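**Q** quick one, what's the 3D model for this:
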Amino acid sequence: MNVSSLFAVLLLQAVDPAEVEIPDEEAIETASSVIETGFLDLILSAGPLAQLVMLVLLGFSILSWTIAFSKYGVLKRAHSKDAMFLGAFRRVAKLSEMNAAVEQYQPAPMVAVFKFGYEELARQVNKYGQIRSGDAIERVMRLALSEETARLQRNMGWLATTASAAPFIGLFGTVWGILQSFRGLGQAGGATLRAVAPGIAEALIATAFGLFAAIPALIFYNYFSQQIREIRARLEDFGLEFYNLAERDYGEEEAVPAYDETRAVRR
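**A** Down below sits the predicted model:
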């Protein structure tokens, strides 16, 4: 007995044997032929509402995979450029030297944080000759950090929506398929697999589409969220390094308050 025949036997267990209008062997062959129908044929033979559910889920799946490939490239470039920029930053003796070569490390998130901090630092130094407000530098770097985090998180909401909504959309298709099965039983006037098999097939396909869309989206969302958290943590640490170098370059011990680490952005 092949797999489809075995599944057909399991389907028969849900039907009252006294109400089955065809012999068991014939019922098995009938169910097997339905199950062995091509996947595409099952989709094309489904009802309009079931096809709409499958189309919506397919759209969610395509969108989530597109976002995933794009996001993977963005985060990979961000990680690579950040590593290059941080290595160069730690080799320079003055911030002005780093500022002259910063463009070659775009689009590293650290570059944006550096630019915000350096612009505020240059404004204070040009006006007062030294750092007058460490808090101001910290605030603008916080702003840059938030903007870069928001940029990296762009479209992540679609992955979360797909992961949470797709199973329920698939469940709706499943319920509708089961309702169609009961409707087929009523029209056939008896409990036959020929009457219930199409509705059951629609239900199972809708469930499969929902899981196919939701599971990858959930994996992508968790993976990319972890990557973004790591990048944010590195940006926070870079802010401390930036301030330390700025203080050595332009600060005076009696004029520049010590950097309060309790105010630093926590992970």
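
**Q** how is this protein divided into domains?
**A** Domain segmentation of the chain under automatic domain parsing yields 1-36, 47-263.

**Q** let's test this: mean pLDDT of the last one, rounded?
**A** Right, the one you point to is domain 47-263. Average pLDDT, domain 47-263: 83.

**Q** ok, now the first one?
**A** Average pLDDT, domain 1-36: 47.

**Q** go through the domains of the chain and pick out the most buried.
**A** domain 47-263 (a mean of 17; mean count of other C-beta atoms under 10 Å). (Each C-beta comes from the backbone N, C-alpha and C, glycine too.)

**Q** could you identify the helix or strand that succeeds the helix or strand containing Gly73?
**A** Using DSSP states H and E, the element containing Gly73 is helix 48-91. Next along the chain after helix 48-91, taking DSSP H and E as the criterion, comes helix 95-100.

**Q** can you tell me how far the residue lying closest to Asn99 once chain neighbours are set aside is from Glu147?
**A** Spatial nearest neighbour of Asn99, chain neighbours left out: Tyr118 (5.4 Å); criterion: C-beta to C-beta, 6 or more residues apart in numbering. Applying C-beta to C-beta, to the nearest Å, the value for Tyr118 to Glu147 is 16 Å.

**Q** same check, this time on Ala136
**A** Ala136 is 17 Å from Glu147, where distance means C-beta to C-beta.

**Q** circling back to that earlier point, residues contacting the helix or strand hosting the residue nearest to Asn99, please?
**A** Per DSSP H and E, Tyr118 falls inside helix 109-128. Helix 109-128 is contacted from outside by 78, 81-82, 85-86, 89, 95, 98-99, 102-103, 105, 130-133, 136-137, 140-141, 143-145, 147-148, 151-152, 231, 234-235, 238-239, 242-243, 246, 250, using C-beta atoms under 8 Å, 6 or more residues apart in numbering.

**Q** so it versus helix 48-91, what angle?
**A** 50 degrees (axes from the mean of the first three to the mean of the last three C-alpha atoms, to 10 degrees).

**Q** beyond helix 109-128, next helix or strand please.
**A** Immediately after helix 109-128, counting by DSSP H and E, sits helix 134-152.

**Q** and that following helix, C-alpha only, in CSV?
**A** Taking Å, rounded to 0.1, in the frame of the first residue of the first chain, the C-alpha atoms of helix 134-152 are listed here in CSV:
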residue,chain,number,x,y,z
GLY,A,134,30.1,66.9,26.7
ASP,A,135,26.4,66.4,27.1
ALA,A,136,25.7,68.1,23.8
ILE,A,137,28.1,65.8,22.0
GLU,A,138,26.5,62.8,23.7
ARG,A,139,23.0,64.0,22.7
VAL,A,140,23.8,64.4,19.0
MET,A,141,25.5,61.0,18.9
ARG,A,142,22.5,59.5,20.6
LEU,A,143,20.4,61.0,17.8
ALA,A,144,22.6,59.6,15.1
LEU,A,145,22.5,56.2,16.8
SER,A,146,18.7,56.2,16.8
GLU,A,147,18.5,57.3,13.2
GLU,A,148,20.9,54.5,12.1
THR,A,149,19.0,51.9,14.1
ALA,A,150,15.8,53.1,12.5
ARG,A,151,17.3,52.8,9.1
LEU,A,152,18.5,49.3,9.7
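
**Q** which element follows it toward the C-terminus?
**A** Counting by DSSP H and E, the next helix or strand C-terminal to helix 134-152 is helix 156-188.

**Q** packing partners of that next one?
**A** helix 48-91, helix 193-250 (3 or more C-beta pairs under 8 Å, 6 or more residues apart in numbering; DSSP states H and E).

**Q** and the angle from the longest one to helix 134-152?
**A** So that's helix 193-250. 150 degrees.

**Q** tell me what angle helix 193-250 forms with helix 156-188.
**A** Computed by the same axes, to 10 degrees, the angle between helix 193-250 and helix 156-188 is 170 degrees.

**Q** name the helices or strands packed onto helix 193-250?
**A** Judged by 3+ C-beta pairs under 8 Å, 6+ apart, the packing partners of helix 193-250 are helix 3-12, helix 24-35, helix 39-45, helix 48-91, helix 95-100, helix 109-128, helix 134-152, helix 156-188.

**Q** what does the first one give?
**A** Where contact means 3+ C-beta pairs under 8 Å, 6+ apart, helix 48-91 is packed against helix 109-128, helix 134-152, helix 156-188, helix 193-250.
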